[in-house]
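Trainee: Here is a sequence together with a model predicted from it:
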Amino acid sequence: MRQNIAYDPAAKVFEAFMDFSGGLNTEISNEQLSDNELSVLWNADLSGRGSVKLRTGRRKIATLPAGNVQGMFFYHRLGQPEPDIVLAINGNLYVKEHSSSDVTLVQIMDGENPFTFQTSKPVEAVQYKENLFVATGTKLVELTYDTEWTAKVVVPYTPTVMEAIYIGTNGLAPNPDAYIQDGVSPTNNVEIVGVKPAFRTTAVNEPISMTAYINKPSDYTGTVDYKWEFKKSTDTIFVLEKDFTADYKTHQFNFSSAGKYDIRVTVRKTGDTGTPTGSQIYVLSNYEVTTTDMNKAINPVDGISKCTKILLHWDRIILYGDDTNPYQIYISDILNPRYFPVTNTINFDTGKREPITAIVRFQDMLVVFTKTTIQTLVGKSVETYSRYQIHDGIGCIAGRTAKVVGNHVYFLSHEGVHALKPNPFRLETMNVVRIDSQVKSEMPTDENACAIVSNSMYWLCFPDRKVIYRYYYEMGVWSKDRSSKLDIVQFLPYGEVVYNLAKSGAIYEHDDTVYTDDGESYDLELETKFLDLSASFNLKKLKRLYVLGSAGYNVQLSITVQADSAIVLTPESGHAEVEPDGRVVWVDTTAPNFNIYAGTVFGSWIMGYSPFGQPILSVLKSSVRGKCRRVKFKLVTGNGIPFELFGFGLEFKLKKP
């Protein structure tokens, strides 16, 4: 770097700073910071591409019943222009219809009994066709609207015998193996319902038990005869395995060769001699016998009802997040969200026994996060799924922070905010990169954080701290927001509208026309680095400060200028007061030291000065006195009044280096 040492000590020099697009940077030393980066930046909007504005706020649209807020979801009614909002609060479901601010309880029914779910964990929901399915952490619940709101615990689908064998029994049922049972028939005859093999397949010379299930008249107390036959599916004649025997409902086969077999069972009342017909005969077709044992161990499904997370993927519902088997997912049968075959379960444990924190649908894959691993599941059906591992050291610690941003996936890890970027040659693999390098040492790692992608920004909220970090991903810069209303536990976007679910029990909506959070003012605060005014080694004799800004109304600014260690301009002042007891105390006061007068209610019009509606760009001046090598500029403004800072400038004289 070259510096001109031939200076005129009598000449006034002016240097302007008109670019703040570097955003917040708290990681680099003062000397390495760029002039357009800021060491402090609160409640700022950087969308002006260089200028800094007071951010817009949010307004309350509903107050919620008391209790732990657990989730917020949309319900889309056919023909309705906007969705209704469904809320999970303290173990109950509530609805706020789009045209109303009222929040109404919808009683969940479990059969004929009222039902409430757990109250300690967040829950999720997805809509499939006309039903909203809610993973409550206690039981799967469905909510629908047909002239009125109804909610009930999902009744598990009962598969047919062939579905149970070739697809799988329903893990959502209390007893999946009870898909077929003996019962009472309305007719006067014995009927066979079906045959249940002990395993979906068997191997050559491996004994396999098969059980027949029947209906019989309620007044029949006698025994039932069973006849068992079999043949290869390609043959035409059945071979007798066991002739009619009383109450012989379970038979053990032992096949000597591989292939597909048909099993025929015939039933009749004991003592009948006629030829059974119709529903007294049942054939189990194409039962597979293999050369080696193909019965794979099935992942346990005893925790499926405790799932709190849910996803819709290619006409299938995916459940996960139970505390019994927290590292596995449960996948429904296609087009049937009430049927979860026990074979459609995938375990994502890599030996760490970590729970799945988030699953994100991205391109043609699912990205599966645990706290320290990232895996992908590629494919559109259970038969074609393939698993890949991306990282075994970084994962997502807060499930609601994993969001698709353009062609990337952003998420909060135990080391900060990272992004997954697809490999252009293999779409199922990705690279993991850090995106919070400007603020990484101060980035919190709270597991209840949440995020949203809106207006070309990735918003990351920490409700316990009431702080939001906003990442302008097109510019690669950060800013921070704070106010007491930022206890947001979930964002929910619909088009350009973003709803906020607050931990304190309210729903907010982003509003670009207000500059408060539900009526609470917040301050725009910014602080530059120590600027050397392009002459690092020279002393400067400060003369005047210029500020270039615009406001929609009259606005007051509190500006501080620090020359090395001395404060040469400050909104703070003080005076001595004598107490009644004779003591002298110093009283500090703070008052804005710059004012922008924005004119009348006619836009920014001032009589004799500007035409109607023309925005006024104000230039404010103030004398500053002091010798220094470096200067720092600080600004604070707010009070719910829009303001935009375009730049500031310093007039000074150069002295010897």
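Mentor: Great, that's in hand. Numbers count the residues shown, from 1 in each chain.

Trainee: Outline the domain layout of this protein.
Mentor: The chain breaks down by automatic domain parsing into domains covering 12-55+524-654, 172-290, 353-482.

Trainee: would a markdown table of the ones you listed with mean neighbour count, mean pLDDT and distance to H76 be doable?
Mentor: All C-beta spots, glycine's among them, are computed from the backbone N, C-alpha and C. Shown next, in a markdown table, are those (neighbours: other CB atoms under 10 Å; pLDDT from 0 to 100; distance: least, CB to CB, whole Å):
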| stretch | mean neighbour count | mean pLDDT | distance to H76 |
| --- | --- | --- | --- |
| domain 12-55+524-654 | 16 | 87 | 30 |
| domain 172-290 | 16 | 93 | 24 |
| domain 353-482 | 19 | 93 | 18 |
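
Trainee: Any idea which of these gets closest to Y339?
Mentor: domain 172-290 (7.2 Å; CB to CB).

Trainee: And that closest one, end to end?
Mentor: Distance across domain 172-290, first residue to last, is 29 Å (CA to CA, to the nearest Å).

Trainee: and if you look at stretch 139-158?
Mentor: Stretch 139-158 end-to-end distance (CA to CA) = 17 Å.

Trainee: Name the residues that touch it?
Mentor: 75, 77, 84, 86, 93, 95, 104, 106-111, 115, 117, 130-134, 170, 172-174, 179, 305, 307, 319, 336, 338-339 (CB atoms under 8 Å, 6 or more residues apart in numbering).

Trainee: Look up how far S51 lies from L524.
Mentor: From L524 across to S51, the span is 12 Å (CB to CB, to the nearest Å).

Trainee: ok, now S101?
Mentor: Counting by CB to CB, the gap from S101 to S51 is 36 Å.

Trainee: residues in contact with stretch 246-259?
Mentor: Outside stretch 246-259, the residues within contact range by CB under 8 Å, 6+ apart are 202, 204-214, 223-226, 228, 230, 232-234, 241-242, 261, 263, 270, 289-291.

Trainee: what about 6 Å?
Mentor: 204, 207-212, 223, 225-226, 228, 232, 242, 270, 289-291 (CB atoms under 6 Å, 6 or more residues apart in numbering).

Trainee: Tell me which helix or strand the closest residue in space to C307 that isn't next to it in sequence sits in.
Mentor: The shortest distance from C307 to any non-neighbouring residue, by CB to CB, 6 or more residues apart in numbering, is to L319 (4.0 Å). Here L319, judged by DSSP states H and E, is contained in strand 316-320.

Trainee: Which strands or helices does whichever helix or strand comes after that strand pack on?
Mentor: Downstream of strand 316-320, the next assigned helix or strand under DSSP H and E is strand 328-331. Counting contacts by 3 or more CB pairs under 6 Å, 6 or more residues apart in numbering; DSSP states H and E, strand 328-331 packs against strand 316-320, strand 345-347.

Trainee: quick one, which of the ones you listed is nearest to G640?
Mentor: Of those, the one closest to G640 (CB to CB) turns out to be strand 316-320, at 43.2 Å.

Trainee: Can you give the contact residues for that closest one?
Mentor: Counting by CB under 6 Å, 6+ apart, A135, C307, K309, I310, L311, I329, Y330, I331, S332, I334, P337, I356 sit against strand 316-320.

Trainee: Of these, which pair is most distant in space?
Mentor: Of all pairs in the contacts of strand 316-320, the most separated under CB to CB is I334 and I356 at 21.8 Å.

Trainee: neighbours of the nearest residue to Q328 once chain neighbours are set aside, just the number please.
Mentor: Once flanking residues are discounted, Q328 sits nearest to N347: 4.4 Å by CB to CB, 6+ apart. The local packing of N347 (other CB atoms under 10 Å) involves 12 other residues.

Trainee: ok, Y339 - contacts?
Mentor: Y339 neighbours (CB under 6 Å, 6+ apart): Y157, N170, S332, D333.

Trainee: Which of the three states applies to V432?
Mentor: Classification of V432 using DSSP: H, G, I helix; E, B strand; the rest coil returns strand.

Trainee: what is it paired to in the beta sheet?
Mentor: Beta-bridge pairing for V432 (DSSP bridges): L420.

Trainee: picking that back up, which among the contacts of Y339 gets closest to S558?
Mentor: The shortest approach to S558 among these belongs to S332, at 58.6 Å (CB to CB).

Trainee: Now do that closest one: how many residues are near it, please.
Mentor: Around S332 there are 26 other residues, counting by other CB under 10 Å.

Trainee: Got the confidence number for it?
Mentor: pLDDT for S332: 97.

Trainee: ok, the closest residue to it other than its chain neighbours to I334 distance?
Mentor: Once flanking residues are discounted, S332 sits nearest to I317: 4.3 Å by CB to CB, 6+ apart. Relative to I334, I317 is positioned 10 Å away (CB to CB).

Trainee: higher neighbour count, these two?
Mentor: I317 (22 against 15).

Trainee: Could you list everything that one pairs with in the sheet?
Mentor: Beta-bridge partners recorded for I317 (DSSP bridges): L312.

Trainee: What's the separation between it and I304?
Mentor: From I317 to I304 the distance is 11 Å (CB to CB).

Trainee: Got phi/psi on L335?
Mentor: The phi/psi pair for L335 (degrees, to the nearest 10) reads phi 70, psi 10.

Trainee: same check, this time on S441
Mentor: Dihedral angles for S441 - degrees, to the nearest 10 - are phi -70, psi -20.

Trainee: In three-state terms, label the closest residue to it other than its chain neighbours for me.
Mentor: Nearest non-adjacent residue to S441, counting by CB to CB, 6+ apart: E27, 6.1 Å away. Here E27 is recorded as coil under three-state DSSP.
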